[in-house]
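# coordinates only, no sequence provided:
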């Protein structure tokens with residue numbers, strides 16, 4: 001990271017709307033609602049502060065995909081960005097952080113607004129079929145009925161075979177997520193009550209070994225945050241969450257290109273981020289791990305060195321990752337219980353990480369959070385971005 005005074009990048013002004021279903025909004029309308037919430041949460045921000053803008057492509061009038069949405073938003077916000085882009089990369093919000101950090105370190109921008117919106121496609125819809133078409137190889141995967149859950153299930157079954165992950169350990173990941181969601185009024189499953197391991201196994205089978213509660217909860221929503229210089233960040237908070245480690249790895253495209261589920265690029269991404277930060281896994285106080293399915297955080301924890309090889313399942317089953325545990329994971333409820341807001345899913349991890357470091361996470365605020373690791377990915381565990389935030393630059 002650039003160590004010049006005043007230019008050290010930090011993630012500040014985290015904001016999001018509570019996930020739900022918003023049939024009255026198309027993508028643009030929901031994006032405008034998210035920005036309204038952002039401005040309500042951070043009223044001291046003025047248009048002249050923001051000189052960079054990163055947005056996802058979104059729909060207008062429910063149909064047309066607009067890849068120049070940043071132009072519309074810049075006009076609505078009354079800003080004149082020096083750097084603006086519509087970004088639809090794997091691990092999009094980690095990629096936004098990466099691009100924004102580069103713009104700040106190059107001296108192009110002082111504060112880059114990263115904003116996201118997502119409307120998860122309905123089950124059994126053509127959109128779900130389109131997602132599978134994009135993620136699967138047409139001649140060797142899609143033609144055999146590949147779906148997103150089925151492709152994750154293939155990885156999970158192989159990992160279970162290699163490392164002995166148990167059914168109870170998978171269930172523990174879902175239980176952990178629900179425990180945190182019950183402390184987060186914004187979570188989609190906040191009012192659904194506790195979840196136990198038996199509930200997970202009793203829920204509807206989806207793709208072996210996954211049941212319904214092993215899968216993320218589809219909904220709609222989004223959020224926003226700033227990646228800003230230290231100078232700007234300190235105008236918004238007494239404790240900026242500094243970006244001290246950052247790595248981006250694009251490893252493969254298709255499940256059939258993987259020889260083993262450990263060869264995803266997660267470990268490489270983690271090593272690079274730790275190398276940049278000067279920290280080691282033992283220095284991390286909490287982790288935000290993308291959890292589309294219960295098997296994935298187990299793999300991520302092991303590959304990132306947060307648990308020993310074959311020990312990721314035991315980490316979650318031990319209770320150490322839940323409320324009151326020594327190593328909290330996905331303290332906002334994760335995609336499994338906070339909600340999977342389609343293309344905006346990854347932004348909630350950065351919102352939560354920034355809130356925890358800044359000390360504004362409400363009733364689930366943790367003490368002693370000095371270093372936080374966020375790992376996000378795109379595709380079927382293909383594109384990887386690891387970000388480490390710290391209280392110290």
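It's in. Values in this document were obtained by computation on a predicted structure and should not be read as measured data.
# pick out the residue nearest the middle of the chain.
Centroid check for the chain by Cα atoms, centre = their mean gives residue 346 as the closest residue, at 2.7 Å.
# against residue 376, how distant is it?
Distance, residue 346 to residue 376, by Cβ to Cβ, to the nearest Å: 5 Å. Yep, even glycine has a C-beta here, placed from its N, CA and C like the rest.
# now do the same for residue 227: helix, strand or coil?
Assigned with DSSP: H, G, I helix; E, B strand; the rest coil, residue 227 falls in the strand class.
# neighbours of it, how many?
30 (other Cβ atoms under 10 Å).
# swap in residue 278?
Neighbours of residue 278 using other Cβ under 10 Å come to 12.
# also the one 3 residues further on?
Around residue 281 there are 14 other residues, counting by other Cβ under 10 Å.
# tell me the contacts of the residue nearest to the centre of the chain?
91, 92, 93, 94, 116, 290, 376 (Cβ atoms under 8 Å, 6 or more residues apart in numbering).
# what's it sitting at in phi/psi?
Backbone torsions of residue 346, given as degrees, to the nearest 10, read phi -70, psi -20.
# tell me the pLDDT at it?
We have a pLDDT of 93 for residue 346.
# same question, residue 136
At residue 136, pLDDT is 63.
# quick check: which ranges of this protein have low pLDDT?
1-7, 59-66, 89-90, 121-145, 256, 261-262 (pLDDT under 70).
# residue boundaries of the strands in it?
If you assign secondary structure with DSSP state E, the strands in the chain sit at 10-20, 52-55, 58-60, 64-66, 83-86, 111-119, 205-207, 210-211, 220-228, 242-250, 286-289, 371-378, 383-390.
# redo those as a markdown table? Include distance to residue 151.
Compiled in a markdown table, those are given as follows (distance: least, Cβ to Cβ, whole Å):
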| stretch | distance to residue 151 |
| --- | --- |
| strand 10-20 | 24 |
| strand 52-55 | 28 |
| strand 58-60 | 26 |
| strand 64-66 | 24 |
| strand 83-86 | 27 |
| strand 111-119 | 20 |
| strand 205-207 | 9 |
| strand 210-211 | 11 |
| strand 220-228 | 24 |
| strand 242-250 | 18 |
| strand 286-289 | 19 |
| strand 371-378 | 14 |
| strand 383-390 | 15 |
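# closest one to residue 315 among those strands?
Nearest to residue 315, of all the strands of the chain, is strand 286-289, at 10.1 Å by Cβ to Cβ.
# and that closest one, what does it pack against?
Using 3 or more Cβ pairs under 8 Å, 6 or more residues apart in numbering; DSSP states H and E, the elements in contact with strand 286-289 are helix 295-303, helix 347-358, strand 371-378.
# tell me which of those sits nearest to residue 30.
helix 347-358 (13.0 Å).
# ok, residues contacting the closest one?
Outside helix 347-358, the residues that touch it by Cβ under 8 Å, 6+ apart are 11-12, 14-16, 93-94, 97, 114, 116, 222-225, 237, 239-241, 286, 288, 290, 330-332, 335, 338, 341, 361, 365-366, 369, 372, 374, 376, 387, 389-391.
# let's see that with 6 Å instead.
11, 14, 16, 93, 116, 223, 225, 237, 239, 241, 288, 332, 338, 361, 369, 372, 374, 389 (Cβ atoms under 6 Å, 6 or more residues apart in numbering).
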